[in-house]
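Student: model this:
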Amino acid sequence: MENYLLLLLESLTSIAVSLTVLYVLSRPLMNVLNRVCPDEQAAAFWLSYTKIMLLIAPLLLVLTVDMVSQFSDPMDAWRFSLIMALGGILIGLYAVGERLGRFVTTPQKTGGAS
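Tutor: Predicted coordinates:
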C-alpha cells in the first residue's frame, strides 16, 4: 500500500508544481499571445494548449522515471520526482520560450551621434 501512496504523492507534487507555474505565467502569457496571435480565439487556444502541455509533460516525466527507478527510501523517491517535475517544467518553458521568442524583435537603434 505504501507504493500507492508514494505514487499519489509524486503525482500530486508534479501537479502542484505545474499549477503554481501556470498561475504565475497565465496572465503574462495571455498578454503576449493577444499581441502575437491574429485573433482572441487563437490566443485562447494557445494558452489552453500551453497549460495542458505544462501540466502533462512534467507528470508524464515523473511517472515514467518512477517506473524505472528504484529507491529504498521513499523520501529519495519523492525528491527525485520533484526534480523530474521541475525538469519537465523547465523543458516545457524552454519550448514555449523558443516558440514565442521568434516573435519578439529587438528595437533597432535610430540614427544618433556616435
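Student: buried set for the longest helix anywhere in the chain?
Tutor: Secondary structure of the chain per DSSP state H: the longest helix is helix 2-36. For helix 2-36, a neighbour-count test (16 or more other Cβ atoms under 10 Å) marks 6, 10-11, 13-14, 17-18, 21-22, 25, 29-30, 32-33 as buried. To be clear about C-beta, it is placed using only N, CA and C from the backbone, and glycine gets the same treatment.
Student: nearest to F80 among these?
Tutor: Comparing those against F80 with Cβ to Cβ places E10 closest, at 8.7 Å.
Student: that closest one: what's it in contact with?
Tutor: Listed by Cβ atoms under 8 Å, 6 or more residues apart in numbering, the contact partners of E10 are V62, L63, D66, A77, W78, S81.
Student: tell me the pLDDT of M53.
Tutor: In this prediction, M53 carries a pLDDT score of 93.
Student: go through the host helix or strand of it and flag the buried ones.
Tutor: Here M53, judged by DSSP states H and E, is contained in helix 40-68. Neighbour-count burial for helix 40-68 flags 43, 46-47, 50-51, 54-55, 57-59, 61-62, 65-66 (criterion: 16+ other Cβ under 10 Å).
Student: state the mean pLDDT of the helix or strand following it.
Tutor: Remark: after helix 40-68, the chain's next helix or strand is helix 74-101, criterion DSSP H and E. Regarding helix 74-101, the rounded mean pLDDT is 90.
Student: quick one: residues contacting the closest residue to L19 other than its chain neighbours.
Tutor: In this structure, L19 finds its nearest non-sequential neighbour in L55, 7.4 Å apart by Cβ to Cβ, 6 or more residues apart in numbering. Contacts for L55 (Cβ under 8 Å, 6+ apart) come out as I15, S18, L19, L22.
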